[in-house]
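> sequence and predicted model, in that order:
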Amino acid sequence: MSPGTRPGDNREVVLQARDVTVSFGEKTILENLSLDVYRGEILGFVGGSGTGKSVLLRTVLGLNKKQHGTIKLLGADLDEVDEATRMTVDMRTGVLFQHGALFSALTVLENIQVPMREYLDLPPKLMNELARLKIDLVGLPQDAALKYPSELSGGMIKRAALARALALDPDIVFLDEPTSGLDPIGAADFDDLVRTLRDTMGLTVYMVTHDLDSLFSVCDRIAVLGKRRVMVDGTIEDMLRSDEPWVKSYFRGKRARQIDLEARDAE
Ligand SMILES: Nc1ncnc2c1ncn2[C@@H]1O[C@H](COP(=O)(O)OP(=O)(O)OP(=O)(O)O)[C@@H](O)[C@H]1O
């Protein structure tokens, strides 16, 4: 789907959240939040600092408890399913966490093989071949395979972590601020990679980001978290038209205008 296209009603929903409430003690972070993510789209998930983007991500992945509501990931309600179904859903879900992206004591090749060892029983030679295919897929040179994370640049670490997230050919990947810490060129390259993977693999991408460039250039749809729920969702054009004060200042503020001008200059 090209950026700016609004998903039709007949598209498959791969992640459905309904009326989700998450509290820690007295503090309610998410309240009756609902969200749909469609197969094959790149969804950008934004919101002010501390609004609960990571909490939602962790709740979707079953790492946080919710007090109310339902979440279906790839058709399965993880609160209801048996262990075997849960494992299948886990295998079809890739995650790139913002911090602690790679195991520092393992090489890139070994890092990519972690999910393979956890879920599959494959001969070492085949695992090496598969991991090397993932290294190609994310645009890393093959000589990165035997390097340790400390020997890689920030951009290479992100790519290696993405290769690990893709190790089992998932249907959906969750990326938590994937371009943070990258220079603008590295970030744009990473965005291009994400788009290529979506186009070639039909991957669904849920990307938590503060990166306006990514939101303008690669996301098909954007969901904005605020007031403990998804306040607004739609295309970048919808964001630019929105009168919601936070959305307005985020997408039509000084930095956003700069990006818009640069994009027009490039045309
Ligand atoms: N396990 C926890 N126990 C108590 N409070 C928590 C827990 N996890 C998150 N919170 C609180 O939930 C709120 C939302 O945090 P979260 O990390 O989801 O924000 P965020 O939108 O991802 O922010 P940022 O953009 O800065 O990363 C914060 O006030 C945080 O302190």
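Thanks, I have it. Numbering: from 1, shown residues only.

> how long is stretch 86-97 end to end?
End-to-end distance of stretch 86-97: 20 Å, with CA to CA, to the nearest Å as the criterion.

> can you list contacts of that stretch?
Stretch 86-97 is contacted from outside by 61-62, 73-74, 76, 78, 81, 115, 119, 158, 161-162, 164-168, 170-176, 178, using CB atoms under 8 Å, 6 or more residues apart in numbering. All C-beta spots, glycine's among them, are computed from the backbone N, C-alpha and C.

> for stretch 176-190, same thing?
Taking CB under 8 Å, 6+ apart as the rule, stretch 176-190 contacts 54, 57, 95-98, 139, 154-155, 158-159, 162, 191, 194, 207-211, 213-214, 217.

> which of the residues in it are buried?
Using 16 or more other CB atoms under 10 Å as the test for burial, stretch 176-190 gives 176-179, 182, 186-190.

> also stretch 239-251?
Quick answer for stretch 239-251 (16+ other CB under 10 Å): 239, 242, 246-247, 250-251.

> JSON lines for those residues, including distance to the ligand, pLDDT and secondary structure?
Output for those, formatted as JSON lines (distance: CB to the nearest ligand atom, whole Å; pLDDT from 0 to 100; DSSP: H, G, I helix; E, B strand; the rest coil):
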{"residue": "239", "distance to the ligand": "17", "pLDDT": "91", "secondary structure": "helix"}
{"residue": "242", "distance to the ligand": "19", "pLDDT": "91", "secondary structure": "coil"}
{"residue": "246", "distance to the ligand": "13", "pLDDT": "90", "secondary structure": "helix"}
{"residue": "247", "distance to the ligand": "15", "pLDDT": "90", "secondary structure": "helix"}
{"residue": "250", "distance to the ligand": "12", "pLDDT": "88", "secondary structure": "helix"}
{"residue": "251", "distance to the ligand": "16", "pLDDT": "85", "secondary structure": "helix"}
